[in-house]
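Undergrad: Need coordinates for the following:
(one chain, ligands or ions: 1)
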Amino acid sequence: MRCPICNAMLTKVMVRDLGGITAGTIWQVHAGECVDHGWFQTEVVSRPPREIFAVTKPFGAARRVVVNGREHFSFSTVWNDLPGDERRKPTNPLEEKYWRVRTPQGQMAQSKT
Ligand SMILES: [Zn+2]
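TA: Next up is the predicted model:
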């Protein structure tokens with residue numbers, strides 16, 4: 001898992017099982033800390049996460065982060081941009097390439113209005 005703002009590898013990564021199972025995949029919450037940007041977490045339920053959320057602490061409340069003057073609570077991943085037929089294929093939900101956020105910092109500020 002990487003920081004959605006600076007793309008640094010998150011440290012102190014923690015994984016918590018949520019107890020449910022979908023298609024043989026355990027539901028998990030992954031949390032990790034960026035030294036510069038704080039804690040982030042996301043849920044994994046049989047598919048790669050659609051969004052990575054900024055949180056106050058591991059498994060804590062959502063928090064607001066400001067990137068280039070814009071407020072964000074969550075960051076969309078590139079998983080959202082895959083064509084539907086590719087999304088329906090069996091996919092390792094932990095495949096790192098799908099966890100990347102959509103756009104690098106800077107461009108992200110223009111992607112939402
Ligand atoms: Zn960061």
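
Undergrad: Residue 11: what's it in contact with?
TA: With Cβ atoms under 8 Å, 6 or more residues apart in numbering as the criterion, the residues that contact residue 11 are 32-35. Placement of C-beta: from N, CA and C, glycine included.

Undergrad: and the top strand by length along the chain with the ion, contact?
TA: Looking across the chain with DSSP state E, the single longest strand is strand 11-22. No. With Cβ under 5 Å from the ion as the criterion, the ion is not reached by strand 11-22; the gap is at least 10.5 Å.

Undergrad: Just checking: what are the partner strands of that strand?
TA: Taking DSSP bridges as the criterion, strand 11-22 pairs within the sheet with strand 25-34 (antiparallel).

Undergrad: burial count for residue 20?
TA: Counted by other Cβ atoms under 10 Å, the residues lying close to residue 20 total 11.

Undergrad: circling back to that earlier point, give the buried subset of the contacts of residue 11 as a PyMOL selection command.
TA: For the buried members of the contacts of residue 11, the matching PyMOL selection, counting by 16 or more other Cβ atoms under 10 Å, is:
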select buried, resi 32+33+34
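
Undergrad: Show me which of the contacts of residue 11 is closest to residue 46.
TA: The closest of these to residue 46 turns out to be residue 32 (Cβ to Cβ; 20.5 Å).

Undergrad: who's in contact with stretch 55-63?
TA: Applying Cβ under 8 Å, 6+ apart, the set of residues contacting stretch 55-63 from outside is 12, 14, 16, 29, 31, 33, 38-41, 53-54, 73-74.

Undergrad: Can I get it in CSV, CA atoms only?
TA: Listed next in CSV are the C-alpha coordinates belonging to stretch 55-63 (Å, rounded to 0.1, in the frame of the first residue of the first chain):
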residue,chain,number,x,y,z
VAL,A,55,-8.0,8.3,8.6
THR,A,56,-7.0,9.7,12.0
LYS,A,57,-5.4,6.5,13.1
PRO,A,58,-5.5,2.8,12.1
PHE,A,59,-9.1,1.7,11.9
GLY,A,60,-10.1,5.2,13.1
ALA,A,61,-12.3,7.9,11.8
ALA,A,62,-12.1,9.5,8.4
ARG,A,63,-10.1,12.7,8.2
